[in-house]
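S.K.: Fold the following, please.
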Amino acid sequence: MLTCPLVSTIPTLRLFGILLLVVSLNAHNKSWDRPICTEGIMSVLRGNPAVMTCNISNAFTDVTIQLTAHGKEDRTIFKKKPQGNFSWSGWELQVQGGQAQLVIKDTQDDHTGIYLWQLHGRQKYYRNITLNISEPSNEDKVTDRRLFTPSPDPVKSSLLEDKPGTLVGVIIVVLVLGVIGIIIFVCYRHRRS
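M.R.: Next up, the predicted model:
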């Protein structure tokens, strides 16, 4: 008759308990970047400013922005820029802490396209923001010039971004609890027989 001594399971249970504690603390850890960026498509009148932003919970290590325009070769606007202010050919990038902002003061047709943001904080993230430039109508020329950009919805973005990390944490906790339960069940069965 095989028995499962209680002494050998205590270190195993302690190990799983410590692992469970680490996993549960990591699942609720605030070290996730949780990026919130300008929504996917924005339209701006020609000549008006355009502002795109990406914010994360931690400080940026670096930010890279590439532009893919229809029929043109991809071009890198800013590559691995750390904290600070940078400008190049009509684009201005400001990176401060966990906030990055791309500003185009006078939008023209060559600014149109898909902007691929490569964000690097504690994790790496990729975001696409499409910028469309439209011709101002006569009414727009008479009235004050406004920026037509959708603002990011922090509640929607944070809920969507938190789910993958939380889901992984929950799956790990369930697996660890399952393994602990199986070990206890096997030891219990062997002790009783």
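
S.K.: quick one, helices of the protein?
M.R.: Applying DSSP state H to the chain gives helices spanning 6-27, 138-142, 154-192.

S.K.: Quick check: buried residues in stretch 106-122?
M.R.: 107, 111-121 (16 or more other CB atoms under 10 Å). Heads up, the C-betas are built off the backbone N, CA and C, glycines and all.

S.K.: go on, stretch 89-97?
M.R.: Within stretch 89-97, the residues scored as buried using 16+ other CB under 10 Å are 91, 93-95.

S.K.: C-alpha coordinates for it, CSV please?
M.R.: Output of stretch 89-97 as CSV, limited to C-alpha atoms (Å, rounded to 0.1, in the frame of the first residue of the first chain):
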residue,chain,number,x,y,z
SER,A,89,10.2,68.4,-40.8
GLY,A,90,7.0,69.8,-39.4
TRP,A,91,6.5,67.1,-36.7
GLU,A,92,7.1,67.7,-33.0
LEU,A,93,7.4,64.9,-30.5
GLN,A,94,7.2,65.6,-26.8
VAL,A,95,8.0,62.7,-24.4
GLN,A,96,7.7,63.3,-20.7
GLY,A,97,7.2,60.6,-18.1
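
S.K.: For the lengthiest strand in the chain, give me every contacting residue.
M.R.: Taking DSSP state E as the criterion, the chain has its longest strand at strand 124-134. Strand 124-134 has contacts (CB atoms under 8 Å, 6 or more residues apart in numbering) with 33, 35, 37-46, 50, 52, 54, 56, 104, 107-109, 111-119.

S.K.: Restricted to strands, list those residues.
M.R.: Per DSSP E, the contacts of strand 124-134 map to strands at 37, 41-45, 50, 52, 54, 104, 113-119.

S.K.: Any regions of the protein where pLDDT drops low?
M.R.: Along the chain, the parts satisfying pLDDT under 70 run over 1-30, 138-167.

S.K.: Outline the domain layout of it.
M.R.: Listed by automatic domain parsing, the domain ranges of the chain are 6-31+165-192, 39-151.
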